[in-house]
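Chemist: A predicted structure for the sequence below; I have some questions about it.
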Amino acid sequence: MLDFLSFTIENTPKIFGLVHFLMLGIFIILVVLICVFLRKTTDKQNKIILLFFGFWLLLFEILKQTILIYDQGNFEYDWQHLPLQPCSAVMYTIILAGFLSTSKKAEKFNQYLYAFIAVYGFFSGISAIVMPSAIFNTHYILMLYQSVQHHMVLSLLAIYLFVSKRIRPSFKTFLKGGAVFLVWCAFGLILNLILYAITKNPEINLMYMGPYTIWQIPLVSDFVKITNPWLFIPFYLAIYSLASLLSMYVYFGIEQLVCLIARKISGRKKKDTEEVSSGDNLEQ
């Protein structure tokens, strides 16, 4: 069974290659389906959606961790692979939000969870879909699939929350999501300190919070070099949050453009219908 899960491929997928374009095509189709069929979901349906996909992601995360522990028969585990990075934090938040989604007492708190999933989850997912170099870096077939579908689901659930009006793109929403992000980052930093004290492994970098190693931020680290981890941490928090904020407004802009086009088409059809109706009346 473990050997089956550990099947590998010789060549990893390439950015803007066949697998990447296929992934983008599937993502676009799923976005359209969400916009068409999930605009008006009940609280019960929302709970089912969040819990199903939250536990779906968790199942594949467990399979991924199993492969990493098995290590093709070596049974070794590198603690730096402990699943607590921004994308993993969103997964856990989805499950928690699912359990609390029908609780009236937790309604306000759940808005913070929704905001984190929608804002930070959307950026975490969409950035990996558009530029998947970080998720195409494995030869394990199951891990490759897990990474691709994990980030797609994060983005799709974020879009679902926006489309179903459970959260609205706004600066206030961003601040709520940012508060949850800071809590996860603080938890990650504490775990990094504890695990380093136990393992002496400086590469453990949960939530990219160091402080014994510095995450190379894609594109940004090519231009900004920070060697002091205690200076890097606030810089990372600001950059990741800014990118999440911008991605939210990009989504909002696209949503408004689509709505405008839809209204124009609808208005044009209505006008044509009225002209046809008016012509029929004149003939009579």
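Modeler: Yep, it's here.

Chemist: Mind picking out the helix or strand in the chain with the poorest mean pLDDT?
Modeler: Across the helices and strands of the chain, mean confidence by mean pLDDT, DSSP states H and E is lowest for helix 2-5: a mean of 60.

Chemist: what's the helix or strand immediately after it in the chain in contact with?
Modeler: Remark: after helix 2-5, the chain's next helix or strand is helix 18-37, criterion DSSP states H and E. By CB atoms under 8 Å, 6 or more residues apart in numbering, the residues outside helix 18-37 that reach it are 13-14, 129, 132, 136, 148, 152, 155-156, 159-160, 163. For glycine as for every other residue, the C-beta is placed from the backbone atoms N, C-alpha and C.

Chemist: now swap in stretch 103-120 and tell me
Modeler: So stretch 103-120 is contacted by 86, 90, 93-94, 96-97, 100-101, 154, 157-158, 161-162, 166-167, 169, 173-174, 176-181, 240, 244-245, 247-248 (CB under 8 Å, 6+ apart).

Chemist: residue ranges of the helices in the stretch 101-250 of the chain, please?
Modeler: Per DSSP state H, counting those that start in this stretch, the stretch 101-250 of the chain carries helices over the ranges 107-130, 141-163, 171-199, 229-283.

Chemist: model confidence over the second one, on average?
Modeler: I take that to be helix 141-163. Average pLDDT, helix 141-163: 93.

Chemist: quick one: it to helix 171-199, angle?
Modeler: Between the axes of helix 141-163 and helix 171-199, defined by axes from the mean of the first three to the mean of the last three CA atoms, to 10 degrees, the angle is 150 degrees.

Chemist: how distant is helix 141-163 from the center of its chain?
Modeler: 6 Å (CA atoms, centre = their mean, to the nearest Å).

Chemist: List the buried residues of it.
Modeler: Burial within helix 141-163, assessed by neighbour count using 16 or more other CB atoms under 10 Å, is assigned to 142-144, 146-163.

Chemist: what's the closest non-adjacent residue to residue 193?
Modeler: The shortest distance from residue 193 to any non-neighbouring residue, by CB to CB, 6 or more residues apart in numbering, is to residue 211 (7.5 Å).

Chemist: And the helix or strand harbouring residue 50, how far out from the chain middle?
Modeler: Using DSSP H and E, residue 50 maps to helix 43-70. Averaging C-alpha positions (CA atoms, centre = their mean) puts helix 43-70 13 Å from its chain's average.

Chemist: And stretch 53-72, by the same measure?
Modeler: Distance of stretch 53-72 from its chain centroid, counting by CA atoms, centre = their mean, is 17 Å.

Chemist: before we move on, what about stretch 182-189?
Modeler: Per CA atoms, centre = their mean, the centroid offset for stretch 182-189 relative to its chain is 18 Å.

Chemist: For that stretch, C-alpha coordinates in PDB please.
Modeler: The C-alpha trace of stretch 182-189 is given here as PDB (Å, rounded to 0.1, in the frame of the first residue of the first chain):
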ATOM      1  CA  LEU A 182      -1.500  36.900  13.200                       C
ATOM      2  CA  VAL A 183      -2.800  34.300  15.700                       C
ATOM      3  CA  TRP A 184      -1.700  31.500  13.400                       C
ATOM      4  CA  CYS A 185       1.700  33.100  12.900                       C
ATOM      5  CA  ALA A 186       2.200  33.600  16.700                       C
ATOM      6  CA  PHE A 187       1.300  29.900  17.200                       C
ATOM      7  CA  GLY A 188       3.800  28.900  14.400                       C
ATOM      8  CA  LEU A 189       6.600  31.000  16.000                       C
END
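
Chemist: Which positions within that stretch qualify as buried?
Modeler: Buried residues in stretch 182-189, counted by 16+ other CB under 10 Å: 184-185, 188-189.
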